[in-house]
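> Pasting the sequence and the predicted model now:
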Amino acid sequence: MKLKPTSLLIAGALMGAAVLPVQADPMVDLLKVLRDKGTISAEDYELLANAAKDKEEQAAAEKEEIMTKVDSKPSSIVTLDKKGLNFESSDKAFTANIGGRIHADYAFIDDNYFDRNVDSVDEFGNGAKFRRARIGMEGTMFTDWTYALEINYGQDEATEFTDATIGYEGFENVKLKLGRHKMPVGLEELTSSNRISTMERSGPTNTFALGRRNGLTVATGGSNWTLTGGAYLGEGVESDGWEGKDSDYGYAGRVTFAPIQEKEKLVHLGASYHHVGFEETFDGNNLGSNNGRLRARPGIHFFNDRPVQVNYGGTEDADTFGFEAATVMGPFSLQAEYYTQQLNRKEAKDADADGWYALATYTLTGEARGYKGGAMRTISPKNPVGKGGFGAWELVARYDVLDIWDSSAALENTSGIRGTESNIWTLGVNWYVNDNIRFMANYVDADIKSDDASDLEGDIEAFMFRGQVAF
Amino acid sequence: MKLKPTSLLIAGALMGAAVLPVQADPMVDLLKVLRDKGTISAEDYELLANAAKDKEEQAAAEKEEIMTKVDSKPSSIVTLDKKGLNFESSDKAFTANIGGRIHADYAFIDDNYFDRNVDSVDEFGNGAKFRRARIGMEGTMFTDWTYALEINYGQDEATEFTDATIGYEGFENVKLKLGRHKMPVGLEELTSSNRISTMERSGPTNTFALGRRNGLTVATGGSNWTLTGGAYLGEGVESDGWEGKDSDYGYAGRVTFAPIQEKEKLVHLGASYHHVGFEETFDGNNLGSNNGRLRARPGIHFFNDRPVQVNYGGTEDADTFGFEAATVMGPFSLQAEYYTQQLNRKEAKDADADGWYALATYTLTGEARGYKGGAMRTISPKNPVGKGGFGAWELVARYDVLDIWDSSAALENTSGIRGTESNIWTLGVNWYVNDNIRFMANYVDADIKSDDASDLEGDIEAFMFRGQVAF
Amino acid sequence: MKLKPTSLLIAGALMGAAVLPVQADPMVDLLKVLRDKGTISAEDYELLANAAKDKEEQAAAEKEEIMTKVDSKPSSIVTLDKKGLNFESSDKAFTANIGGRIHADYAFIDDNYFDRNVDSVDEFGNGAKFRRARIGMEGTMFTDWTYALEINYGQDEATEFTDATIGYEGFENVKLKLGRHKMPVGLEELTSSNRISTMERSGPTNTFALGRRNGLTVATGGSNWTLTGGAYLGEGVESDGWEGKDSDYGYAGRVTFAPIQEKEKLVHLGASYHHVGFEETFDGNNLGSNNGRLRARPGIHFFNDRPVQVNYGGTEDADTFGFEAATVMGPFSLQAEYYTQQLNRKEAKDADADGWYALATYTLTGEARGYKGGAMRTISPKNPVGKGGFGAWELVARYDVLDIWDSSAALENTSGIRGTESNIWTLGVNWYVNDNIRFMANYVDADIKSDDASDLEGDIEAFMFRGQVAF
């Protein structure tokens, strides 16, 4: 007898298993064949076919139950890894990252380091300090918009938000950022404090790169170049270099180019310019508006006051040029920057200041320093501790020179003079335990000079240690 | 031959597929039939039936494996969307929301705005400021209990927690809240700073509504009315209106009624009363306890000191009545409030102060302002940017008047007088990009008067801009 | 006819269901038998066997689809419960907990409590205060490394991070912690502020246990003992007991032993020693470096200045011994500590100070206090509110004595003397609503004495209330 295949069987044969309807049950087909052949009775067929159908229905119900359970699970993706705590909505339009960092510093410094001291500079012995303790949240909203909020606690400053920004990345190859964030000045400055090779940035970076300001930045770039510019307003918060008198303003631009940018091989070139203006100029009788004050902590952050300082009175605005170069050749890297600044003064001679540093690093364990978007990135240890390795070990040496003394301009309307020139050696060993934890040891020998016998001068030696966790 | 249905088959037939025990295998039943009919041998039956049973067992094991995997997945629901980062335990007893806001303000103000100035008021030029930068966590615990913790960083104030509350919502239609939260006074005050139509609240709200206080609030209400009351203690933190001398206290009540509350249509009426007392009264020789000091920043927050101020010495307590009205008619809304305050003074004439404002808004793109629980809610753009639209655009105008000068009372025991009356026009354009991002532009023309020629007087014009992100 | 079992059937029979390959389909085997017996035609066999195979393939595809869906779900586990918001990566190497606490305090204190007052101590009336408002994140990274970051806002102090640590727990039975955390001194001090039985710790704990310091702690222990030691540096932040002059240092050790540690039954014994040194010694002309200043807030935190205080000038270092004992017998507990401190002074007689307290608690609802790792834990209510119970109710009484006056040493080079001895009764009722919420009521009767008629003396009575939420 020839079996007349049911339409379901035909469908199955034609369309293949993947689209076979669930109800095509070969058991029922067999039962039909056996019934038609008389092997089993119609009564048996009825009972057995019903049981088979029930079983199929039950299986379908079970599958649906599982799928419902699976689909009712959170649609947002949560991951916790070395990049912190990450959230992503199922349509990927919203993301959030919760992260933080702790930089716990310990310093041992000779108590009588200044040959000629100035009262207003606090001397310092041994001590512990939270250089940075931060926790923050950043991400995207509606795909194109970004936000960032990070609270910083540093023992020298009030607890406040460091980054607080609203951004737009919906234009092709152009990014906008409004709020407080880093001005586009300086390779060392723009490399995260989690990633710089020494515990502190150099004196010139400290003095001439202005760090975080409140304003609008526009950034574009290609695979090996970046172009960034922005305009900023003063925040009324006192800080290095640019005194944030409420009515101050500034604008800045930076261009970088990496002619060689391969795996473990880099040549980076960069230049920046920034202009800051002061609505009210410095006045000897009004120390409250310290426009034109240049100052720095030389390689060591364990001072309440900055030992290098000159206030050039009557400064109306200042122009600063910066030049950057860096190269990575496998485990070896070199990095250097030079800044030159002119303070334009009312009723007094304009003043010049400049500074430079050169940094060399060598990774004993072979890892190369990273690079992205015109800034250096950190070393990622190939063999982290706990995974059969000893992490990455890096040796660092930096020499930096800061000269804020303009002898002819300094004859007119200056004040607050401490040291006026610093030459600093920083030698360091970094241990990258894994991608989140780093321990740093720095030896700093800072030579502070001043041109006048009544000002601060001396040689400081410091041993400093940092425990760093960042996620 | 008649098949004797197994008990399993009967069970299956009687109870239906949903409750069919897994072990009811029609294959085994068929094999039995074929064996009983002699179609297959007993040996064949044994082998085939065992294989069928094994297959069923394997399927059951696989299903259990999947279910275990599914059930081991996070039982808490995580969602990330325009409302921030939300967590909910599987039994819904615990919830948490992590959110934040950034209000980045930029102002351009005429530097010489006061005709008659007073030394203690800082003049101000252009500037940038974080009006608010907040990050916080709130939610429920054990279903009935609520908590809220929000850290605020505003550049005029110390970084601190704004809301810090424990609540209980287990009673029917009654909510309790303990800790620091807003006192129930004022429609403009109780509308979130993310949702108010102007960058700053009006002078009268600034002066008479006391904002966040530490105490206990009890709230009840129906579909179109609310009734809220509470008692509060001073926190020893200086702020507008009510000087938080540690021994101060206050209580407040508010009732609202919305006779019309439909979609895009609203009539809101409200009234509030609050009483604050000062344990130690103001004493001319003791400016530290500034009870009875009335003051405000007139529509512009870019002042360190408030240009409108009078201290009524000897104030023992103060009674304040507030009246509210608002209406929404599609894209158009009107809102007004009036406050009147009496300062009850020891050994001096009691003093009166009052103020009012009227606000009109019109949404060019047609959206209506929202309303919930006796407070206004923000506009939700129908066509957000990036989804084929240009967001929502809103025009705003407000006029507010604050008069804190009581000429007869002011003859006795007053001090700290600056401006004593302000009349302010605020014109604004708001761009709601989407539900999280808003840009605001405000033009403020503030006319500050005082009754005495030696006090502060002048006209201030300011252009102010805000970038706002809230989630 | 003898069935020649297929190899698949044999494999199935030999290896059991668990390892039965998916493709072993008893249906196909049956079809083979029926074909071989001639019950069905070869053509029927072909069609039916193909259908059976298709069905199996479809089932396998469906299973894979489900598994893919299940596995693509967030690999991190998120739980929200009474322990806060918890995250765990799928490999368990990374964990994060986001939690917080609010301690909202309200006090009613007699305004004229001092019989003999000293100007520099602020008097205090009624008031509200956030004793603690904290939010933080802690967890592990790469299995062995720990981190903790907690922001604290207390109305007497600047907003700052309390705990900020990096730890390593990869060694067997040894834990390391670097950064700011509690020094291993004192049972009352090391019990979390969420868990102590009174609103405030005792005067002796306040004075002699130094709380959080920045340094390195090493901890080991067994099932019923702990041994902890560490070295710390000053942070330049002024605090109780040990003035954190930058160049200060300290080390500490603590040992605990619990001879009885059963369910609801405990005997705890402990001892600690710590040494703190001051690089610059106290000098009467230099009150800025207040080495050797002993002081406390007696059981009440509502003072800006501490009413108990003596500065022993010329103190070079101090040695402190502490002794602890505690017992839990079901709902009843007793706890006591004694401290003795010697201040070693240059050019002045060494000074002694000491203090002790005894605490008794009784849980009306029967719960026993917990204990873990040498510190007390809180009560967990058996019948929380909202789950058919009234929570846990606890009665507390504590008497504490602090004597920082050394009459012979005090003749030489002392300053800043206020009260010199305090005897304080604290009576309390605690209501544990559930594991997250506690309300506390404390009555404090503090008797402050001093040896000289010109110093502070008096009796303070205070009623204090706390709303506490911790997660």
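Okay, I see it. Numbering: from 1, shown residues only, chains lettered A, B, ... in the order given.

> after the helix or strand hosting A:Phe87 comes which helix or strand?
Per DSSP states H and E: A:Phe87 is located in strand A:84-88. The helix or strand immediately downstream of strand A:84-88 is strand A:95-109, counting by DSSP H and E.

> got the buried residues for that following strand?
Of the residues in strand A:95-109, A:95-107, A:109 count as buried by neighbour count, 16 or more other C-beta atoms under 10 Å in any protein chain shown. The C-beta positions use only the backbone N, C-alpha and C, and glycine is treated the same way.

> if you look at it, does any of it touch chain B?
Yes - Strand A:95-109 is in contact with chain B by C-beta under 8 Å from any C-beta of the partner chain, via A:95-96, A:98.

> strands paired with that strand, and their directions?
Strand A:95-109 pairs in its sheet with strand A:84-88 (antiparallel), strand A:127-141 (antiparallel), strand A:457-470 (antiparallel), by DSSP bridges.

> Dump those strands to JSON lines, plus mean pLDDT, distance to C:Met137 and mean neighbour count.
JSON lines is the format used below for those (pLDDT from 0 to 100; distance: least, C-beta to C-beta, whole Å; neighbours: other C-beta atoms under 10 Å in any protein chain shown):
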{"stretch": "strand A:84-88", "mean pLDDT": "88", "distance to C:Met137": "8", "mean neighbour count": "23"}
{"stretch": "strand A:127-141", "mean pLDDT": "88", "distance to C:Met137": "6", "mean neighbour count": "23"}
{"stretch": "strand A:457-470", "mean pLDDT": "89", "distance to C:Met137": "11", "mean neighbour count": "20"}
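
> okay, these in CSV with distance to A:Lys55 next?
Below are the strands paired with strand A:95-109 laid out as CSV (distance: least, C-beta to C-beta, whole Å):
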stretch, distance to A:Lys55
strand A:84-88, 41
strand A:127-141, 49
strand A:457-470, 57
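
> Greatest separation within the buried residues of strand A:95-109: which pair is it?
The largest separation in those, counting by C-beta to C-beta, is between A:Thr95 and A:Ile109 at 43.4 Å.

> any idea which helix or strand carries the closest residue to A:Gln468 other than its chain neighbours?
Once flanking residues are discounted, A:Gln468 sits nearest to A:Arg438: 4.4 Å by C-beta to C-beta, 6 or more residues apart in numbering or on different chains. Per DSSP H and E, A:Arg438 falls inside strand A:437-449.

> Taking strand C:127-141 as reference, get the angle to that strand.
110 degrees (axes from the mean of the first three to the mean of the last three C-alpha atoms, to 10 degrees).

> buried ones in strand A:437-449?
Buried residues in strand A:437-449, counted by 16+ other C-beta under 10 Å: A:437-442, A:444, A:446-449.

> circling back: and the residue nearest to A:Gln468, what does it touch?
When contacts are counted by C-beta atoms under 8 Å, 6 or more residues apart in numbering or on different chains, A:Arg438 touches A:194, A:378, A:430-432, A:466, A:468, A:470.

> do that again at 10 Å, thanks
A:103, A:194-195, A:378-379, A:381, A:391-392, A:394, A:430-432, A:466-470, C:166 (C-beta atoms under 10 Å, 6 or more residues apart in numbering or on different chains).

> which parts of the helix ranked longest in chain A are buried?
Secondary structure of chain A per DSSP state H: the longest helix is helix A:42-71. Residues of helix A:42-71 classed as buried: A:44-45, A:47-59, A:63, A:66, A:70 (neighbour count, 16+ other C-beta under 10 Å).

> Those residues also near chain B: which ones?
A:44-45, A:47-59, A:63, A:66, A:70 (C-beta under 10 Å from any C-beta of the partner chain).

> mind checking pLDDT for the residue nearest to A:Gln468?
Looking at A:Arg438, its pLDDT is 96.

> Same question for A:Ala318.
At A:Ala318, the model reports a pLDDT of 88.

> A:Met67 now?
73.

> phi, psi of the closest residue to chain C within the stretch 251-400 of chain A?
As assessed by C-beta to the nearest C-beta, chain C sits closest to A:Gly386 within the stretch 251-400 of chain A, at 5.5 Å. Torsion angles at A:Gly386 (phi, psi; degrees, to the nearest 10) stand at phi 90, psi -10.

> ok, now which ones touch it?
A:433-434, C:93, C:142-145, C:168, C:170.

> between these, which is closest to B:Arg295?
The closest of the contacts of A:Gly386, once distances to B:Arg295 are taken by C-beta to C-beta, is C:Trp145, at 51.9 Å.

> shouldn't that closest one be in contact with C:Glu138?
No - counting by C-beta atoms under 10 Å, C:Trp145 does not reach C:Glu138; the two are 11.7 Å apart.

> Can you check which residues contact both of those two?
Joint contacts of C:Trp145 and C:Glu138 (C-beta under 10 Å, 6+ apart) are C:Gly167.

> Please enumerate the strands of the stretch 351-471 of chain A.
Secondary structure of the stretch 351-471 of chain A (DSSP state E, counting those that start in this stretch): strands at A:351-363, A:370-372, A:375-377, A:392-403, A:414-415, A:421-432, A:437-449, A:457-470.

> follow-up on the earlier one: which residues does the residue nearest to A:Gln468 form beta bridges with?
A:Tyr432, A:Gln468.

> which residues does the residue most central in space within chain A contact?
Central residue of chain A (C-alpha atoms, centre = their mean): A:Ser192, 4.1 Å from the mean position. A:Ser192 makes contact with A:101, A:182, A:375-378, A:470 under the criterion C-beta under 10 Å, 6+ apart.

> one step back: determine which of the strands of the stretch 351-471 of chain A approaches A:Tyr339 most closely.
Taking C-beta to C-beta, strand A:351-363 is the member of the strands of the stretch 351-471 of chain A nearest to A:Tyr339, at 5.4 Å.

> Distance from that closest one to the middle of the chain?
Mean-position distance between strand A:351-363 and its chain equals 21 Å (C-alpha atoms, centre = their mean, to the nearest Å).

> Parallel or antiparallel, list what pairs with it.
Paired strands of strand A:351-363, defined by DSSP bridges, are strand A:332-345 (antiparallel), strand A:392-403 (antiparallel).
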